[in-house]
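Trainee: Predicted model follows, preceded by the sequence.
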Amino acid sequence: MNRSIFSLAFVSSLILITGCANHEGVAPSQNSSLQTISPSTTAVAEGGSMQRSLDAWLKEEWEPMTQSEPMTTTRTPDGKITTTAKTIEGDDKASFTLQKYVDKWKVYNENKEKMNAGKPEEISNAQKLQSMPVIGK
């Protein structure tokens, strides 16, 4: 009796497994019930907030400010500053060198200093702490 229960359980599980494996049906990505529970779009495809922030910074600030060509700065009516520069064609085919990015960083810092000239400097955290009556001087 014990042996017949084991063989019956084995045969039924074998039929179940082979039936699922050989079933040609709807792919999981096209299964509407599954899509309502767990959508197939991933966070990687949408990009997280950090990635969107980096992409925006690269597009709006890094690329225009690292061009060695003259930049034009315009202020929109809502107060946002837009910088545009003439792009250099053919740079994409050049091989990777660290010096290229060091030079871009130097140009970026020089242009950033020109943009921030005349603006009040932000107070550092160390200066804020020293100005506190109990902690600072």
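Mentor: Okay, I see it.
Trainee: For the helix or strand containing Glu63, the averaged confidence score.
Mentor: Secondary structure from DSSP states H and E places Glu63 in helix 63-65. Average pLDDT, helix 63-65: 86.
Trainee: If you count contacts, what does that helix end up packed against?
Mentor: Based on contacts counted as 3 or more Cβ pairs under 8 Å, 6 or more residues apart in numbering; DSSP states H and E, the elements that helix 63-65 packs against are strand 81-85, helix 98-116. (C-beta placed from N, C-alpha, C; glycine too.)
Trainee: Could you give the average pLDDT over the helix or strand that the last one is followed by?
Mentor: Read it as helix 98-116. Going down the chain from helix 98-116, the next helix or strand is helix 125-131, by DSSP H and E. Across helix 125-131, the average pLDDT comes to 88.
Trainee: With stretch 97-106 instead?
Mentor: If you average the pLDDT over stretch 97-106, you get 88.
Trainee: Can you report how many residues lie near the nearest residue to Asn111 once chain neighbours are set aside?
Mentor: Leaving out its chain neighbours, the residue that sits closest to Asn111 by Cβ to Cβ, 6 or more residues apart in numbering is Met65, at 4.3 Å. Residues within reach of Met65, counting by other Cβ atoms under 10 Å, total 19.
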